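**Q** Predicted model, plus sequence, below.
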Amino acid sequence: MRLMGRVIFPGEAMGEVVKCEDPVVILGDIDPEKGVVEGCGNIADKVFVFPRGVGSTVGSYTLYALRYYGNAPKAIIVGEAEPIVVAGAIIAEIPTIDRIDVSKIQNGDIVKIRKNIVEVQNR
């Protein structure tokens, strides 16, 4: 299945999906030193999928801290990227795409991201 979205930060990536069904409080739900999202799992070297982020502007630096500690995801796919996710993805240089129907992507799927296209291989 191919999904088309909007590129927030360009790049190519391929990997296994770790998906959060609910919006992610970037500052509170993510532990950048461990690369773990509360209730979702380890996102280090995975493709992180979630509907949208919430929280304060410090959340952008949480995404940067993931990169700093070596726990950044290979890519981010988000239904709706608000300014916190946009700024964080850019400063952390994480390939990010939004305006994707994340309900079509499941935990464990393998996805390939190229330009504005997400190719989904179901588990």
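**A** Yep, it's here.
**Q** what about Ile90, is that helix, strand or coil?
**A** helix (DSSP: H, G, I helix; E, B strand; the rest coil).
**Q** how far is the lowest-mean-pLDDT helix or strand in the chain from where the chain is centred?
**A** Every helix and strand in the chain was compared by mean pLDDT, DSSP states H and E; the lowest is helix 26-29, with a mean of 92. Centroid displacement of helix 26-29 relative to its chain, using C-alpha atoms, centre = their mean, to the nearest Å, is 13 Å.
**Q** Next up, the contacts around the spatially most central residue of the chain.
**A** Relative to the mean C-alpha position of the chain, the nearest C-alpha, by C-alpha atoms, centre = their mean, is the one of Ile76, at 2.4 Å. Counting by C-beta atoms under 8 Å, 6 or more residues apart in numbering, Ile76 touches Ile8, Val47, Phe48, Val49, Val85, Ala89, Ile94, Pro95, Thr96, Ile97. To be clear about C-beta, it is placed using only N, CA and C from the backbone, and glycine gets the same treatment.
**Q** Return the set of residues that bridge with the last one.
**A** Which is Ile97. Here Ile97 shows beta-bridge partners Val7, Ile77, assigned using DSSP bridges.
**Q** re the thing from before, for the helix or strand following the least confident helix or strand of the chain, which strands pair with it and how are they oriented?
**A** Scanning forward in sequence from helix 26-29 by DSSP states H and E, the next helix or strand is strand 30-31. Strand 30-31 sits in its sheet next to strand 36-37 (antiparallel), going by DSSP bridges.
**Q** what residues does the strand it pairs with touch?
**A** If you take C-beta under 8 Å, 6+ apart as the criterion, strand 36-37 is touched by Val18, Cys20, Val24, Asp29, Ile30, Asp31, Asn42, Ile43, Phe48.
**Q** Quick check: the first one is in a helix.
**A** No: under the criterion used here (three-state DSSP), Val18 is strand, not part of a helix.
**Q** Show me which residues of the helix or strand that contains Val111 are buried.
**A** Per DSSP H and E, Val111 falls inside strand 110-114. When burial is assessed from 16 or more other C-beta atoms under 10 Å, strand 110-114 yields the following buried residues: Val111, Lys112, Ile113.
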